[in-house]
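J.: dropping a prediction and its sequence here:
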Amino acid sequence: AWRSAAAQDHDHHDHDHVHDEHCGHAHGPTAEDVAGLRTWREGAALVLAIAMRPCTGALFVLIITQSMGIALAGVVGALAMGLGTATVTALVAVLAVWAREGALVNLPGAGLARALPVIEVLAGALIVLASAMLLGMRGA
């Protein structure tokens, strides 16, 4: 039977193996890994590898809805969670690259650069409001 290299490497570990920064295998990319990226394809592969891990919140929703007999609602909910996370993450990434490249500094008067913190706070407040509304709908 085929087994991953990680599974094969665990054959020699003691049962009291501790997963920390000294355990001998990667638990995520390091700053050096990210700094060593040379192409957008390497970056995309790194993002994809990280994104493939299941979200514990989505797993919780799937387990609870399955036990309640409404598994399809759990699947739809998990997909909505993923779409929301992907949208916010993509937007933050685009804004971070745009800001890093100096786009805000080069604008006449740099008015947007001063307004950006206000926009970020308003976006955060919108997320909190949407979350509160969803929690309120749950109680109804």
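T.: Arrived safely. Residues are numbered from 1 along each chain as shown.
J.: by mean pLDDT, flag the weakest helix or strand of this structure.
T.: helix 5-9 (a mean of 49; mean pLDDT, DSSP states H and E).
J.: helix or strand next in line after that helix, which one?
T.: Following the chain from helix 5-9 toward its C-terminal end, the next helix or strand by DSSP states H and E is helix 31-35.
J.: could you dump that next one to CSV, C-alpha only?
T.: Listed in CSV are the C-alpha atoms of helix 31-35, where the atom choice follows Å, rounded to 0.1, in the frame of the first residue of the first chain:
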residue,chain,number,x,y,z
ALA,A,31,9.6,33.3,6.5
GLU,A,32,12.7,32.0,4.7
ASP,A,33,10.5,29.8,2.6
VAL,A,34,8.3,32.7,1.6
ALA,A,35,11.3,35.0,1.0
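J.: counting contacts, what elements does the helix or strand encompassing Ala73 pack onto?
T.: Using DSSP H and E, Ala73 sits within helix 71-100. With contacts defined as 3 or more C-beta pairs under 8 Å, 6 or more residues apart in numbering; DSSP states H and E, the secondary structure elements packing on helix 71-100 are helix 56-67. For the C-beta atoms, the positions are set from N, CA and C on the backbone; glycine is no exception.
J.: try 10 Å this time
T.: The contact analysis (3 or more C-beta pairs under 10 Å, 6 or more residues apart in numbering; DSSP states H and E) places helix 71-100 against helix 40-51, helix 56-67, helix 111-139.
J.: report the buried residues of the second one.
T.: Applying a neighbour-count criterion of 16 or more other C-beta atoms under 10 Å, the buried positions in helix 56-67 are Ala58, Val61, Leu62, Thr65.
J.: skipping its backbone neighbours, what lies nearest the last one in space?
T.: To tie it back to what came earlier, the one meant is Thr65. Gly74 (2.9 Å; C-beta to C-beta, 6 or more residues apart in numbering).
J.: look up how far Leu59 lies from the one you found.
T.: 10 Å (C-beta to C-beta, to the nearest Å).
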